[in-house]
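Participant: Need a 3D model of the sequence below.
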Amino acid sequence: MTELPSHYNPKVTEDRIYKMWLKSGKFKPENLGPKKKKFVVMMPPPNITGGLHAGHFLENSMVDAIVRHKRMNGYKTLWLPGIDHAGISTQNVVEKELKKQGLTRHQLGREKFIKKVWEWKEKYGGIILEQLKKTGISCDWSRAAFTLDKSYAEAVKQVFIHYYKNGWIYRAQRVINWCPRCSTSLSDLELEYKEEKTKLWYIRYKIKNDPTGSRQKRQQKSKIKEKEYITVATTRPETMLGDTAVAVNPKDGRYKDLIGKIAILPIIKREIPIIADPLIEKNFGTGAVKVTPAHDLIDEEIGKRHNLSSIQVIGNDGKMTEAAGQEFASLTVLEARQKVLEILKREELIGKTEDYVHNLSVCYRCGTPIEPIPSWQWFLKMKELAELAKKAVQNKKIAFVPLKWNKPYFAWLNNIRDWCISRQIWWGHQLPVFFCSKKLEEISNSKIQNPKNENFVVAESKPKKCPICGKCEMEQSEDVLDTWFSSALWPFATLGWPKKTKDLKEYYPNTFMTSARDILHLWITRMIFSGMEFMKKEPFQTVYIHPLVLTKEGRRMSKSLGTGMDPLILIEKYGADASRFGILWQARGNQDIHFSEEHVVAGKKFANKIWNAARFVLLSQNGKSQFLISKSKINSKFQMPNSKLTAADKKITTQLKKTIKEVDKNIENYRFGQALQIFYDFFWHKLCDQYIEISKKQLQELKTKASTQKVLFYVLKTSLITLHPFMPFITEEIYQKLPMHKKTKWLMIENWPC
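Facilitator: Got it, this is the predicted structure:
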């Protein structure tokens, strides 16, 4: 028998054990032997720009506990890892590197820039996966996928072409969310919101004189205080330069005599109608609002309904356009706002100003305020796809855990808008769209504002001959697809689709998927309708929406604000097992975790307790195994022939059986903290504090020595199996020292105690 050292050193043990696991090949499902039951889970792919953070650590520690538990329960497990190309984020990182050299991507050109990004990816893109290995997770790294792999890119292309041929992808000019810093469109789900303290300005719009002379009598009946004006409230006075109407609610009695009249737009002096629309909130400001169809999504909808013109006064660069007027052109939005307010004050057109707090929409990658602007973009129709996604959950083919996430899932699908899928960046999946160069030139020369769709074709590769003009060499669209468009294919594109691969046949649909709630619609919902459309079957059976990891005070973690938790620092300080213990101990259901390092410290102490208990048990065996396991699976009833168990022996084995059952149930229900608590109480208090103390006396008695040795050995071995999903390194290390003639080579593929 090999004795355990006096102290457990995770720094020495963990890297060595992980290399042994990798060498064994047991993370691969095909190396687990013929098994009927399967458990398949795809890792939510982290961005190639990211480093390991608290959310990654929690999510992957949870999944690893589940996967190891399933593997030990006889399942053929596939946990497929991978990384996402993260279009906007990665491009920003590389552009910052170029800026240090005094270069821009436009100076390099598309081809050279993409080459630079690939170089960056090869150097830094896999770092987070290496960091994840430090946590001990048991993925099949041989199948690691990347959303820009050649096979994956082919899948994305086929999906785009399929949608287009179905009539679900179309090109249109719409008001979209535009990031001036990243110079690209964003979907609604890619926006973040930060509270902004601003002002609510009340601006007077003069009402055009009534030539019939009857206006004064009607005004006397009206509740409008300032008879010559209609006052609107706004937080964005600079956009008034593009106003094409003033709107009120049709049920607002204060304005019934003004509907259909004409107002004079301040500064520009443009005549604009006063209209009624049900989208107007009577309780906001004065109940009358300015309508700028080119710079607000709701205003665009109102504008279409009332056939209003759309005047773009803010450009792609976030500066005012010539349409805003010569004195405002080229000013930034804030500069234009200041100038507009100065003129309005001078002309006494500001009624009052109030402090106002609202949520400002910003780019989720760079934090720049979003500008709604009209732009030609590609959209995916969502009506039919939303129905597919709803049916998958309505028919109980997919279950959300907790069940409460059904409500926001259906709410979003019931109110879904067409998805803007194109992005004006270079890093990503380039659209398989090819434009007629001659038509593009004609459009450019004539400054056509509404180019029709006849100037492009959608194809797998560039046509050798332009089918539109028959002469030119076609130009591929420079747009790339939204990163979430490609990641929506993750459950099946990672398995080789559209090819009919062996992996696709064997491992689709997946069994389980997990994510934080912030990507429920960005990713989970889109994977569901993608799986239903292309595989004709739901992509997974269970979706577990796990809690967030917050600071101890309940604030969102942020490395930039110094409130983040770095798992790698914890692992270096305490070891991976202790760190996993600390994070999982706090995962006790649906409530967000207020992370405290004290639980990691407790995990370190627990690891030492396990080590010392194991040393005692092994030393008690007199240098050989007193309990040889002859069956492949431990019998939880613990029948020991030809021996008489003491009351203490019977009690500890009964307590162990109960512990195994409760741990098993809690893992199955994703109650990791409760499972750990149950095992902790058993091992520390019932085994170490009570039974081991009793066993010291029983080992001194001849008639009870042999049975006590067997009980100690049995309880230790079974405890190692039960704890392994949570603390895999120390349990594997001790297991390898057990003096058994017949044992599984690796604890990670031991049979779970029945």
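
Participant: contacts, neighbours, all on C-alpha from now
Facilitator: OK.

Participant: So which elements touch the helix or strand hosting Val156?
Facilitator: Per DSSP states H and E: Val156 is located in helix 150-165. Using 3 or more CA pairs under 8 Å, 6 or more residues apart in numbering; DSSP states H and E, the elements in contact with helix 150-165 are strand 169-179, helix 490-493.

Participant: C-alpha coordinates for the shortest one, PDB please?
Facilitator: Once non-C-alpha atoms are left out, helix 490-493 reads as follows in PDB (Å, rounded to 0.1, in the frame of the first residue of the first chain):
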ATOM      1  CA  TRP A 490     -24.400  25.300 -32.000                       C
ATOM      2  CA  PRO A 491     -26.300  22.000 -31.000                       C
ATOM      3  CA  PHE A 492     -26.000  20.500 -34.500                       C
ATOM      4  CA  ALA A 493     -23.400  22.400 -36.500                       C
END
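
Participant: What lies in contact with it?
Facilitator: With CA atoms under 8 Å, 6 or more residues apart in numbering as the test, helix 490-493 has contacts from 42, 151-152, 155, 504, 508-510, 527, 531, 535, 539.

Participant: need the helices for the stretch 251-400 of the chain, in chain order.
Facilitator: 297-305, 333-346, 383-394 (DSSP state H, counting those that start in this stretch).

Participant: mind listing what Thr511 touches?
Facilitator: Contacts of Thr511 by CA under 8 Å, 6+ apart are 39-41, 540-542.

Participant: Mind doing that once more with 6 Å?
Facilitator: The contact partners of Thr511, taken as CA atoms under 6 Å, 6 or more residues apart in numbering, are 39-40, 540-541.

Participant: Buried residues in the lengthiest strand in the chain, which are they?
Facilitator: Using DSSP state E to define each element, the chain has its longest strand at strand 191-207. Using 16 or more other CA atoms under 10 Å as the test for burial, strand 191-207 gives 191-192, 199-207.

Participant: Can you name the residues in contact with it?
Facilitator: Outside strand 191-207, the residues that reach it (CA under 6 Å, 6+ apart) are 228-235, 263-265, 349-364.

Participant: Return the distance of that strand from the chain's centre.
Facilitator: Centroid displacement of strand 191-207 relative to its chain, using CA atoms, centre = their mean, to the nearest Å, is 31 Å.

Participant: Specify the local secondary structure of the residue nearest to the spatial centre of the chain.
Facilitator: Nearest to the geometric centre of the chain sits Ile519, at 3.7 Å (CA atoms, centre = their mean). Here Ile519 is helix, with the state taken from DSSP: H, G, I helix; E, B strand; the rest coil.

Participant: what are the ranges of the helices in the stretch 51-200 of the chain?
Facilitator: Going by DSSP H, counting those that start in this stretch, the stretch 51-200 of the chain shows helices at 54-72, 87-100, 105-108, 110-124, 127-133, 150-165.

Participant: Model confidence score at Asp482, please.
Facilitator: Asp482 is assigned 95 on the pLDDT scale.

Participant: ok, it touching Ile421?
Facilitator: Yes - if you go by CA atoms under 6 Å, Asp482 and Ile421 touch, sitting 5.0 Å apart.

Participant: From Asp479, how far out is the closest residue to Val480 other than its chain neighbours?
Facilitator: Nearest residue to Val480, sequence neighbours excluded (CA to CA, 6 or more residues apart in numbering): Gln430, at 4.2 Å. Here the distance between Gln430 and Asp479 works out to 6 Å (CA to CA, to the nearest Å).

Participant: and what of Leu380?
Facilitator: Distance, Leu380 to Asp479, using CA to CA: 15 Å.

Participant: same question, Leu200
Facilitator: Per CA to CA, Leu200 is found 38 Å from Asp479.

Participant: now Pro463
Facilitator: Pro463 sits 18 Å away from Asp479, going by CA to CA.

Participant: Settle it for me: which of these two has more neighbours?
Facilitator: Between Pro463 and Asp479, counting by other CA atoms under 10 Å, Asp479 is the more crowded of the two (22 against 14).

Participant: Report the contact partners of that one.
Facilitator: Taking CA under 6 Å, 6+ apart, one finds 423-424, 430 in contact with Asp479.

Participant: Between those, identify the one with the most neighbours.
Facilitator: With neighbours taken as other CA under 10 Å, the top of the contacts of Asp479 is Arg423, carrying 28 neighbours.

Participant: Test my guess that that residue contacts Thr184.
Facilitator: Yes - contact criterion CA under 6 Å: Arg423 and Thr184 qualify, at 5.4 Å.
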